[in-house]
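Enquirer: build me a model:
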Amino acid sequence: MVDLNPVESLVVQAMKDLGATSDDKKKTADDIAKKCNRPKSMISNVLVELDRKGVIKRVVREKASGYYVKA
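Expert: Numbers count the residues shown, from 1 in each chain. Below you'll find the predicted structure:
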């Protein structure tokens, strides 16, 4: 398992709570930021880092990218 800092853990838990656990259930950074009650800019940076670590998957779409937790 990858080591996560407290904010990364908060984001992953929020994504699980929102049900973002598969490609067809992905959520936007805005959705996740609202759930975490943190600024969207902070959450966006954390999402990039989590994607780099392989914990979540980023799916580029026309409007906003979608994210979900990898199984």
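
Enquirer: got the phi and psi for the residue nearest to Ser22 when sequence neighbours are not counted?
Expert: Excluding the flanking residues, the one nearest Ser22 by C-beta to C-beta, 6 or more residues apart in numbering is Tyr68, at 5.9 Å. For glycine as for every other residue, the C-beta is placed from the backbone atoms N, C-alpha and C. Recorded main-chain torsions at Tyr68 are phi -150, psi 160, according to degrees, to the nearest 10.

Enquirer: ok, now which ones touch Tyr68?
Expert: Contacts for Tyr68 (C-beta atoms under 8 Å, 6 or more residues apart in numbering) come out as 15, 20-23, 25-27, 56-57, 59.

Enquirer: relative to Leu4, which of these is nearest.
Expert: Leu4 has its nearest neighbour among the contacts of Tyr68 in Ile56, at 10.8 Å by C-beta to C-beta.

Enquirer: coming back round to it: buried among the contacts of Tyr68? Make that a PyMOL selection.
Expert: Only the buried members of those enter the following PyMOL selection, criterion being 16 or more other C-beta atoms under 10 Å:
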select buried, resi 15+20+26+27+56+57
